[in-house]
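> model the structure of this input:
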Amino acid sequence: KVLEEPEMIAQTLMLDMSMEEAAILANILVLVIQKSVGEDIVKPNDLSASKTVSAKQRHASEIAHETITKKMSAIISDLLNKYQAEAEVVGPLVEVVRYVKLEHYSLSHLEHEFTALAEQVKDIFFKHSDKRVLEACGDAFNYFTNDGFEAIKPFAQPVLDATVSE
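As a prediction, the model looks like this:
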């Protein structure tokens with residue numbers, strides 16, 4: 001049951017542990033979040049089969065997404081800071097950023113926290129050459145500037161522009 005709680009996994013990552021343990025927990029964290037928001041964590045063999053989702057399942061996924069946003073937005077920056085030098089851990093943690101609803105930052109007037117998070121992702125991008133980390137950073141910036149909440153894009157674009165110009 002503990003492995004179904006993203007907040008518990010994230011809090012555990014804040015404890016002292018080996019990098020191997022942290023990497024395992026970071027990967028589990030991403031999978032638990034993906035499952036919570038209704039994503040398939042195991043791709044079906046028959047790619048033509050479409051998954052039908054009931055209104056009840058969509059509602060449950062939306063509630064889970066909101067809960068994940070509230071819990072993870074409070075700790076993700078600390079986790080990225082703690083593991084910024086460890087590619088095996090920081091890659092999955094950057095992937096978590098895409099599951100935080102960006103409107104949380106705007107509606108709570110926390111644009112400065114979002115900008116700091118975007119700057120962290122930029123710094124991580126320049127510190128690593130690992131494919132997973134670089135793809136996660138690229139996906140995060142795509143989410144920030146294209147797929148995320150419209151009101152937060154003006155805060156993301158300057159960070160992305162600075163990343164591209166460096």
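
> mind naming the longest helix for the protein?
Secondary structure of the chain per DSSP state H: the longest helix is helix 55-82.

> so which elements touch that helix?
Applying 3 or more C-beta pairs under 8 Å, 6 or more residues apart in numbering; DSSP states H and E, one finds that helix 55-82 contacts helix 6-13, helix 19-36, helix 87-96, helix 103-107, helix 111-127. Glycine gets a C-beta too; all of them are placed from N, C-alpha and C.

> neighbouring contacts of the shortest one?
When contacts are defined by C-beta atoms under 8 Å, 6 or more residues apart in numbering, helix 103-107 is touched by residues 69-70, 73, 110-111, 113-114, 149, 151-152, 155.

> could you do the first one as well?
Contacts of helix 6-13 from elsewhere in the structure, counted by C-beta under 8 Å, 6+ apart, are 2-3, 22, 25-26, 28-29, 32-33, 36, 68, 71-72, 75-76, 79, 82-83, 89.

> hmm, back to that, what angle separates the longest helix of the chain from helix 19-36?
Put simply, helix 55-82 runs at 150 degrees to helix 19-36, going by axes from the mean of the first three to the mean of the last three C-alpha atoms, to 10 degrees.

> centre of the chain to helix 55-82, how far?
Distance of helix 55-82 from its chain centroid, counting by C-alpha atoms, centre = their mean, to the nearest Å, is 9 Å.

> tell me the buried residues in it?
61, 64-65, 68-69, 71-73, 75-77, 79-80, 82 (16 or more other C-beta atoms under 10 Å).

> make JSON lines out of the residues you listed and add pLDDT.
Output for the buried residues of helix 55-82, formatted as JSON lines (pLDDT from 0 to 100):
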{"residue": "Ser61", "pLDDT": "84"}
{"residue": "Ala64", "pLDDT": "86"}
{"residue": "His65", "pLDDT": "86"}
{"residue": "Ile68", "pLDDT": "89"}
{"residue": "Thr69", "pLDDT": "89"}
{"residue": "Lys71", "pLDDT": "90"}
{"residue": "Met72", "pLDDT": "92"}
{"residue": "Ser73", "pLDDT": "90"}
{"residue": "Ile75", "pLDDT": "95"}
{"residue": "Ile76", "pLDDT": "95"}
{"residue": "Ser77", "pLDDT": "95"}
{"residue": "Leu79", "pLDDT": "97"}
{"residue": "Leu80", "pLDDT": "97"}
{"residue": "Lys82", "pLDDT": "97"}
